[in-house]
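Peer 1: got a sequence here, can you model it:
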Amino acid sequence: GGGAGGGPNIMKTVIIGSGPAGYTAAIYASRSGLEPVLYEGNQPGGQLTQTTEIDNFPGYPEGTTGNELMDDLRAQAERLGTDIRMGTITAVDFSMDGSSPHRLTIDDGTTIEADTVIISTGASAKYLGLDDEKKYQGMGVSACATCDGFFYRKKTVAVVGGGDTACEEAQYLAGLCKKVYMIVRRDVLRASEAMQKKVMETENIEILWNTQVRGLYGTDGVEGAHLSTGVDLPIDGLFLAIGHHPNSDIFRPALECDAEGYIIVKHPTTETNTPGVFACGDVADPIYRQAISAAGSGCHAAMDARKYLSEK
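Peer 2: Numbering: from 1, shown residues only. Have a look, this model is predicted:
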């Protein structure tokens, strides 16, 4: 069916993902009469639910937590009329010329049709690619210090990485753990000066330069790491902080992505190379990756979707 709103069962707007970008898109789409349906995905609230303190989101003078911020955004989207549903989109069949609705498959096997799709699927932590990571997943290997740090109180852990995230995780863990090693591949940290200074001044953080993890050992969980320097380092937990991979796999090859997998949009809009499909938040942002910039791009996506529908 042509025209905005297509046939009786065709949704005007489907939003995929429930981080700051998805919920902000939902708030704007609801207020513009786009009757958005939002699918939360397998991590409702997105990456922010894995952060504790948030001090840099405007409007929270005392700071807030990731969970509180996402609860607030969710409640606001719902109050304004967003239909929030549990479920993950597992496959897409995009209409490449915008002549027919886009088809999406949900993890329970049902398919839905929508005239516009807003993709806000975010990004996921990268792993080193060792077999031992899978073997010890949830038994000493984690990609989120703020989620799992609590389990390592007064223990010894290692953080892999040398960027801001790695320094933040190390700082956070240093407040809980007896000892924190930072395993850094190079002989420098990529992190900002301020973060480096904090790490250097923290007594129980020790940096192992020019070092990589080759494997892990332990009977019922991680007891140590085999390092590239030939050393076996006794640790109770290994935290990965080596960057993120955009959650764009199911949208390729329909959508144009860069070498890293970030969805390419036609700046300054959120338009992808497929008519009626928009991308916002971390899945389309290799540079800033902040909650506030994700939220801003969610606003843009909803406005772009509304413009597209009104011109159709």
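Peer 1: alpha carbons only for contacts and neighbour counts from here, please
Peer 2: OK.
Peer 1: pLDDT below threshold where in the stretch 201-312 of the chain?
Peer 2: Residue ranges of the stretch 201-312 of the chain with pLDDT under 70: none are present.
Peer 1: can you give me the strands in it?
Peer 2: Assigned by DSSP state E, counting those that start in this stretch, the stretch 201-312 of the chain shows strands spanning 205-208, 213-217, 224-227, 232-234, 237-240, 244-246, 277-279.
Peer 1: just the CA trace of the longest one, in CSV.
Peer 2: So the one you mean is strand 213-217. Extracted as CSV, the C-alpha positions of strand 213-217 are listed here (Å, rounded to 0.1, in the frame of the first residue of the first chain):
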residue,chain,number,x,y,z
VAL,A,213,46.7,-11.5,27.2
ARG,A,214,47.4,-14.8,25.4
GLY,A,215,45.1,-17.0,27.5
LEU,A,216,43.4,-17.6,30.8
TYR,A,217,43.6,-20.4,33.3
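Peer 1: quick revisit: of all the strands of the stretch 201-312 of the chain, which lies closest to Leu38?
Peer 2: Proximity to Leu38 (CA to CA) singles out strand 277-279 among the strands of the stretch 201-312 of the chain, at 14.0 Å.
Peer 1: other SSEs contacting that closest one?
Peer 2: strand 111-119, helix 291-311 (3 or more CA pairs under 8 Å, 6 or more residues apart in numbering; DSSP states H and E).
Peer 1: adding mean neighbour count and distance to Glu201 as columns, could you present these in TSV?
Peer 2: As requested, these are exported to TSV (neighbours: other CA atoms under 10 Å; distance: least, CA to CA, whole Å):
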stretch	mean neighbour count	distance to Glu201
strand 111-119	25	41
helix 291-311	21	28
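Peer 1: dump the ones you listed into CSV; add distance to Gly41 as well.
Peer 2: Output for those, formatted as CSV (distance: least, CA to CA, whole Å):
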stretch, distance to Gly41
strand 111-119, 11
helix 291-311, 16
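Peer 1: with respect to Cys144, which of the ones you listed lies nearest?
Peer 2: Nearest to Cys144, of all those, is helix 291-311, at 16.9 Å by CA to CA.
Peer 1: point out the other helices and strands that that closest one packs with.
Peer 2: Taking 3+ CA pairs under 8 Å, 6+ apart as contact, the helices and strands that helix 291-311 lies on are helix 20-31, strand 111-119, strand 277-279.
Peer 1: just how off-centre is it within its chain?
Peer 2: Taking CA atoms, centre = their mean, to the nearest Å, the mean C-alpha location of helix 291-311 is offset from the chain mean by 19 Å.
Peer 1: what does stretch 160-175 give?
Peer 2: Distance, centroid of stretch 160-175 to centroid of chain: 18 Å (CA atoms, centre = their mean).
Peer 1: what lies in contact with it?
Peer 2: Here stretch 160-175 makes contact (CA atoms under 8 Å, 6 or more residues apart in numbering) with 144-146, 149, 159, 180-185, 188-192, 195-196, 198-199, 202, 204-205, 238-243.
Peer 1: buried subset of those?
Peer 2: For the contacts of stretch 160-175, a burial check counting by 16 or more other CA atoms under 10 Å picks out 144-146, 149, 159, 180-185, 189-191, 195-196, 199, 204-205, 238-243.
Peer 1: how far away is the nearest residue to Val213 once chain neighbours are set aside from Leu240?
Peer 2: Nearest in space to Val213, with sequence neighbours left out and distances taken as CA to CA, 6 or more residues apart in numbering, is Leu227 at 4.7 Å. Distance, Leu227 to Leu240, by CA to CA, to the nearest Å: 15 Å.
Peer 1: related to what we said a few turns ago, quick one: closest of the helices and strands packed on strand 277-279 to Pro253.
Peer 2: Between Pro253 and those, the shortest separation by CA to CA is 14.7 Å, and it involves strand 111-119.
Peer 1: helices or strands next to that closest one in the packing?
Peer 2: So strand 111-119, by 3+ CA pairs under 8 Å, 6+ apart, packs with strand 10-16, helix 20-31, strand 102-106, strand 277-279, helix 291-311.
Peer 1: show residues contacting that strand.
Peer 2: Taking CA under 8 Å, 6+ apart as the rule, strand 111-119 contacts 4-6, 9-17, 22, 25, 100-106, 276-280, 283, 301-302, 305, 309.
Peer 1: so how do I select the buried members of those in PyMOL?
Peer 2: Selection of the buried residues among the contacts of strand 111-119 in PyMOL, burial being defined by 16+ other CA under 10 Å:
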select buried, resi 4+5+6+10+11+12+13+14+15+16+17+22+25+100+101+102+103+104+105+106+276+277+278+279+280+283+301+302+305+309
